[in-house]
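Peer 1: below: sequence and its predicted model.
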Amino acid sequence: MQNKHFLTLKIIGIIPARYESSRFPGKPLANIHGKTMIQRVYEQCQKSELLSAVYVATDSERIMENIQAFQGNVILTSKHHENGTSRCSEAIHQLKSNNTFDYEYVINIQGDEPFIQPQQIDELCTLLLSNKCEIASQVKIAYQLALLANPNIVKAILDDESFAINFKREIDNTTYTLPYFYKHIGLYGFRTDILEKLVALKPTENEQKYKLEQLRWLDHHYKIKIGTTTHESISIDTQDDLEKALENFVE
């Protein structure tokens, strides 16, 4: 893996983290063996070889204070964002206004995946840099065809050049002929100027129907390059998810 100090293009990792969550309020501050969830995400991102910097973008002063307590980088953003992509964009605007921004690419990292592997982040960075992508994301090959009908598992449909042509929540497994499918992993990379254009796009019918923001980008004819990863981190959406994660936690 190429060391980040030798990169000519700088990549910033931004972790959107809002305090209010309908299923798990305050979850970024949930305690995972002595550290908050958001601190564990941050520390995993710092292990990346290809990120030039890591920031948390949050709407909460409590989260901001937690990040500052371990001397992490944090930006306080508006409470009125429809998604993490929009929050990342505001963070970039703030950094630019302070004349501290010279990053060509942005990685949007989920704030509720405390065990994300730095190698997975580096895979996405490499995909961005090697293909000079506008947008990049990841999939994992899955063989459990029963999951095709599970709407909580998003499936990516790819063309022959590994660009996404669609994302689906459900696929009829009675007519599906392949022995595997592409499970979408919600880690995104953007060229900085493209991210700012994406958040200005009008919502589309597909996006609103299926609650998948990436469909808005496809509907507006942006291309999403997809890489395949073997990594898959645990997303903590509820208190039950946290308890299960704590049972299997290894420092």
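Peer 2: On my side now, so go ahead.

Peer 1: just checking, what packs against the helix or strand of the chain with the lowest mean pLDDT?
Peer 2: Every helix and strand of the chain was ranked by mean pLDDT, DSSP states H and E. The lowest is helix 239-247, at a mean of 82. Secondary-structure packing of helix 239-247 (3 or more Cβ pairs under 8 Å, 6 or more residues apart in numbering; DSSP states H and E): strand 31-32. Yep, even glycine has a C-beta here, placed from its N, CA and C like the rest.

Peer 1: what helices or strands is the strand it packs on leaning on?
Peer 2: helix 239-247.

Peer 1: so for the helix it packs on, what gets flagged as buried?
Peer 2: 241-242, 245 (16 or more other Cβ atoms under 10 Å).

Peer 1: at which residues are the helices of the stretch 1-150 of the chain located?
Peer 2: With DSSP state H, counting those that start in this stretch as the criterion, the stretch 1-150 of the chain has helices at 37-46, 61-69, 84-97, 118-131.

Peer 1: circling back to that earlier point, turn the buried residues of helix 239-247 into a markdown table, including distance to Ile32.
Peer 2: Below are those laid out as a markdown table (distance: Cβ to Cβ, whole Å):
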| residue | distance to Ile32 |
| --- | --- |
| Asp241 | 12 |
| Leu242 | 8 |
| Ala245 | 7 |
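
Peer 1: what is the nearest of these to Cys88?
Peer 2: Of all these, Asp241 has the smallest distance to Cys88: 23.5 Å, by Cβ to Cβ.

Peer 1: hang on, the closest one packs against Phe115?
Peer 2: No. Between Asp241 and Phe115 no contact is recorded; they are 11.7 Å apart, counting by Cβ atoms under 8 Å.

Peer 1: ok, and the closest non-adjacent residue to Glu104?
Peer 2: Spatial nearest neighbour of Glu104, excluding adjacent residues (Cβ to Cβ, 6 or more residues apart in numbering): Leu9 at 4.6 Å.

Peer 1: pull the least confident helix or strand of the chain out as PDB, backbone CA atoms only.
Peer 2: What follows is helix 239-247, C-alpha atoms only, in PDB (Å, rounded to 0.1, in the frame of the first residue of the first chain):
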ATOM      1  CA  GLN A 239     -29.500  -0.700  21.700                       C
ATOM      2  CA  ASP A 240     -29.900  -4.400  20.900                       C
ATOM      3  CA  ASP A 241     -27.200  -4.000  18.200                       C
ATOM      4  CA  LEU A 242     -24.900  -2.400  20.700                       C
ATOM      5  CA  GLU A 243     -25.400  -5.200  23.200                       C
ATOM      6  CA  LYS A 244     -24.600  -7.800  20.600                       C
ATOM      7  CA  ALA A 245     -21.500  -5.900  19.600                       C
ATOM      8  CA  LEU A 246     -20.300  -5.700  23.200                       C
ATOM      9  CA  GLU A 247     -20.700  -9.400  23.600                       C
END
